[in-house]
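> what follows is a protein structure lacking sequence information:
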């Protein structure tokens, strides 16, 4: 249980929680609020935008999450089920966002992670403060030309761009024996006509078509697929997603 007194002007409940617990993402804080795990003056408040008075007592009654955001659990499933070796590896995590994949990599023993994202200011404070992480923001992976060192492992959690478009840049920063774990999101890989209302892809045959195309496309860049799993968690809009593990094939 967390408990703290507020002596400030009225602010949104989620903003107050974020200021106090900067190591957690906005999505986790808002999830706690929606689940009724945040009390204000002893009463449950389940709206993130609720104004909170300066003398209110706010309690968060929730288990501390394992990762800074839910994406960490997706990568964990791939590591455990697909036999991905992370310990001691230097990694590139693109689609860094809050840092869920990076958090997972660090907890599985990665020695250093280069986190790349087109956005800015989204990274959880826990990740931003970690000396093992180099954050590269406002950077599109597609146009990344180099890193301070080539990496042993690349993880991808990309949106609004096909994985195949970034593969030339990925190959360019990998060691010859490196591995790749990518989250495959059918809503961003399928043809526009295959994506339903609200950006949802429900048809399993389209899922399989996308998987087959991405696996073959990545293998054409000199990789071998080691297997795939369905993500244990749906995407933000409820889309089914997949994780695929690749290793580079010797030249």
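Looks like it arrived, so ask away. Note that the structure is a prediction, hence the values are computed from the model and not measured. Numbering: from 1, shown residues only.
> farthest residue from the center of the chain?
residue 55 (35.7 Å; Cα atoms, centre = their mean).
> tell me how far that residue lies from residue 41.
9 Å (Cβ to Cβ, to the nearest Å). C-beta: built from backbone N, CA, C; applies to glycine.
> now residue 190
Where residue 41 is concerned, residue 190 sits at a distance of 48 Å (Cβ to Cβ).
> the two: which has the busier surroundings?
residue 190 (18 against 12; other Cβ atoms under 10 Å).
> pull the contacting residues for that one.
201, 206, 209, 210 (Cβ atoms under 8 Å, 6 or more residues apart in numbering).
> tally of neighbours for the closest residue in space to residue 140 that isn't next to it in sequence?
Nearest in space to residue 140, with sequence neighbours left out and distances taken as Cβ to Cβ, 6 or more residues apart in numbering, is residue 118 at 5.2 Å. Residue 118 has 19 neighbouring residues, counting by other Cβ under 10 Å.
> where in this structure is pLDDT low?
Applying pLDDT under 70 to the chain flags the ranges 1-8, 23, 54.
> buried residues, the longest helix seen in it. List them.
Ranked by number of residues, the top helix in the chain under DSSP state H is helix 204-219. With burial defined by 16 or more other Cβ atoms under 10 Å, the residues of helix 204-219 counted as buried are 206, 207, 209, 210, 211, 213, 214, 215, 217, 218.
> return the member of the residues you listed nearest to residue 59.
residue 207 (42.0 Å; Cβ to Cβ).
> returning to that earlier point: gap between the residue nearest to residue 140 and residue 235?
18 Å.
> ditto for residue 209
18 Å.
> before we move on, the earlier item: any chance of CSV for the buried residues of helix 204-219, columns distance to residue 27?
Formatted as CSV, the buried residues of helix 204-219 follow (distance: Cβ to Cβ, whole Å):
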residue, distance to residue 27
206, 27
207, 25
209, 30
210, 25
211, 26
213, 30
214, 26
215, 30
217, 30
218, 29
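> so residue 183 belongs to a strand, correct?
Yes: under DSSP: H, G, I helix; E, B strand; the rest coil, residue 183 falls within a strand.
> ok, it touching residue 72?
No: contact criterion Cβ atoms under 8 Å: residue 183 and residue 72 do not qualify, at 11.9 Å.
> let me see the contact set for residue 40.
Neighbours of residue 40 in contact, by Cβ under 8 Å, 6+ apart: 13, 50, 52, 56, 57, 58.
> and those residues, which of them are in strands?
52, 57, 58 (DSSP state E).
> from residue 194, how far off is the closest residue to the last one other than its chain neighbours?
Nearest residue to residue 58, sequence neighbours excluded (Cβ to Cβ, 6+ apart): residue 40, at 5.5 Å. According to Cβ to Cβ, residue 40 stands 45 Å off from residue 194.
> then residue 238?
The gap separating residue 238 from residue 194 is 16 Å, by Cβ to Cβ.
> likewise for residue 19?
On the measure of Cβ to Cβ, residue 19 and residue 194 end up 42 Å apart.
> the two: which is more packed in?
residue 194 (15 against 11).
> tell me which residues touch the closest residue in space to the more buried one that isn't next to it in sequence, please.
Once flanking residues are discounted, residue 194 sits nearest to residue 206: 5.0 Å by Cβ to Cβ, 6+ apart. Contact analysis of residue 206 by Cβ under 8 Å, 6+ apart lists 186, 190, 194.
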